[in-house]
Structures are given as C-alpha cells and as structure tokens.
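# Sequence and computational prediction follow.
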Amino acid sequence: QKEVEQDPGPLSVPEGAIVSLNCTYSNSAFQYFMWYRQYSRKGPELLMYTYSSGNKEDGRFTAQVDKSSKYISLFIRDSQPSDSATYLCAMSGFTGGGNKLTFGTGTQLKVEL
Amino acid sequence: NAGVTQTPKFRVLKTGQSMTLLCAQDMNHEYMYWYRQDPGMGLRLIHYSVGEGTTAKGEVPDGYNVSRLKKQNFLLGLESAAPSQTSVYFCASSRTDAYQPQHFGDGTRLSIL
C-alpha cells in the first residue's frame, strides 16, 4: 500500500464548477502538506501549502487538512479552463534533513467550456 | 529569474549509451533533488543533495549516479542506459529550513531505445 493515495481521474467538470481534489495518507508523521499543479510537459509548480490541520485560502483555492482522518483536500471555486492540469498532493514529516517529500500520483482535471 | 533550469529538454538514447542531465538553480538553495515521473507511479526520488559535495540515495537510485560539485548545479548520470530508464526526469531545489517546499524545473524527457 502506498503512503499517499490519490485518485488519478480524469475528472471532467464544466466551467464555473467547484472542484474537490483529495488525498489520503497513512504516515502519521506527516505534518506539512502541499498541493502542486502540473501543466502538460511542464514541471510541478507549488500551489498551496499548509502546516498541520486546518484550512488555508488563497483566491479561488482552499486547502484543507484533517490529520485525525489522514485526509487532505484542495477545493477550486469558479473553475476555469486554465485550471485544467494534473494536481499532485505532497507531504513531509521530520526527516532529519533534506526536506524530502512524498507525492501522490496526481489527479488529472479538465475544465470544459 | 530562471529558478531551476534543466538541460537537455529531450533526448533519445540507445541501450548501453551514457549521458548526463544537468540541473542549475539560481535561488541559492542548499538542497537539490532528482526525481523520475512515470505514469501511475508519481514522482519518485532518485538521489538528493543537502549541500555542495554531498549526495544521498533516494527511493530508486539503482542505475544512476549524481554529483554536486557546485552549489548551484546537480548532475544526474546514466552510465549504461536501459529501456526501463525511459521516463521524464525532474530536478528540484529547496531551502534548508524545515518543511520548505521544493521548486521544480520543467523536466527532461528521456527515451531509451
């Protein structure tokens, strides 16, 4: 079983919809959670990061962490065609050096006109 | 403001050939990483470095070597390429503070025939 599980999709939604992307994890040492967005043939770019449990909002994006359930979510409001990309969750615990991340496999999102 | 730059962007090799992938970052980051990304497998850490002159093995190090002779550069070498090494390779860098996000380059697409 993978440490981080993420539904690969593809997820197709109409423009303007609210999108919910999720990851579950098994390692209780994870304390720091990130979401990366990856466009086709590009590298992952950092979208959101949160420490421990709670919510964080940035524009149309909200990241949510529930450590008790080992579950994290990314919500996208008023989705746009430009949001079409693969979304990767990533997380980290104290490793003693290196800031290594464990990634989910990514969810492919398509926002249609 | 280039961030993380990877060269080459694309390469085709024959089985048994060798090559070196170059990663350069201009953010003065101490930590650097090499990943491979394969369908359904997500990003897997090959090797990483916590500073100039130091390297360490990641999750899938076999068949690869790395060097970090200068702080800004991290090289990934394939001594004898195999078809199983066909992948997209990403380099990333981060600061040393705990739980810092990683910043990625746009990748090198490598095909081994």
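Perfect, thanks for sending it. Residues are numbered from 1 along each chain as shown, chains lettered A, B, ... in the order given.
# Get me the contact residues on chain B for chain A.
B:4, B:31, B:33, B:40-43, B:45, B:48, B:50, B:56, B:58, B:90, B:92, B:94-96, B:98-107, B:109 (C-beta under 8 Å from any C-beta of the partner chain). Bear in mind the C-beta positions are built from the backbone N, C-alpha and C, glycine included.
# Filter those down to the buried ones, ChimeraX style.
Command for ChimeraX that selects the buried part of the residues of chain B next to chain A, burial taken from 16 or more other C-beta atoms under 10 Å in any protein chain shown:
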select /B:4,31,33,42,43,45,48,58,90,92,94,95,99,100,101,102,103,104,105,106,107,109
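# Skipping its backbone neighbours, what lies nearest residue A:43 in space?
Closest residue to residue A:43 apart from its sequence neighbours, by C-beta to C-beta, 6 or more residues apart in numbering or on different chains: residue B:104 at 3.7 Å.
# Pull the contacting residues for residue A:36.
A:44-47, A:87-90, B:104 (C-beta atoms under 8 Å, 6 or more residues apart in numbering or on different chains).
# I'd like the residues you listed as TSV, with pLDDT appended.
Below are the contacts of residue A:36 laid out as TSV (pLDDT from 0 to 100):
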residue	pLDDT
A:44	97
A:45	96
A:46	94
A:47	95
A:87	97
A:88	97
A:89	97
A:90	94
B:104	97
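# now the residues you listed in JSON lines, with secondary structure and distance to residue A:59?
Listed next are the contacts of residue A:36 as JSON lines, based on DSSP: H, G, I helix; E, B strand; the rest coil; distance: C-beta to C-beta, whole Å:
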{"residue": "A:44", "secondary structure": "coil", "distance to residue A:59": "19"}
{"residue": "A:45", "secondary structure": "strand", "distance to residue A:59": "15"}
{"residue": "A:46", "secondary structure": "strand", "distance to residue A:59": "14"}
{"residue": "A:47", "secondary structure": "strand", "distance to residue A:59": "10"}
{"residue": "A:87", "secondary structure": "strand", "distance to residue A:59": "15"}
{"residue": "A:88", "secondary structure": "strand", "distance to residue A:59": "19"}
{"residue": "A:89", "secondary structure": "strand", "distance to residue A:59": "19"}
{"residue": "A:90", "secondary structure": "strand", "distance to residue A:59": "20"}
{"residue": "B:104", "secondary structure": "strand", "distance to residue A:59": "21"}
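# Pull out the buried members of these.
For the contacts of residue A:36, buried by 16+ other C-beta under 10 Å: A:44, A:47, A:87-90, B:104.
# between those, which is nearest residue A:5?
Of all the buried ones among the contacts of residue A:36, residue A:5 sits closest to residue A:89, with 9.5 Å by C-beta to C-beta.
# Return the distance of that closest one relative to residue B:42.
10 Å (C-beta to C-beta, to the nearest Å).
# which neighbours do those two share?
Taking C-beta under 8 Å, 6+ apart as the contact rule, the neighbours common to residue A:89 and residue B:42 are A:6, A:103-104.
# Go back to those residues and keep what's next to chain B.
Applying C-beta under 8 Å from any C-beta to these, those adjacent to chain B are A:6, A:103-104.
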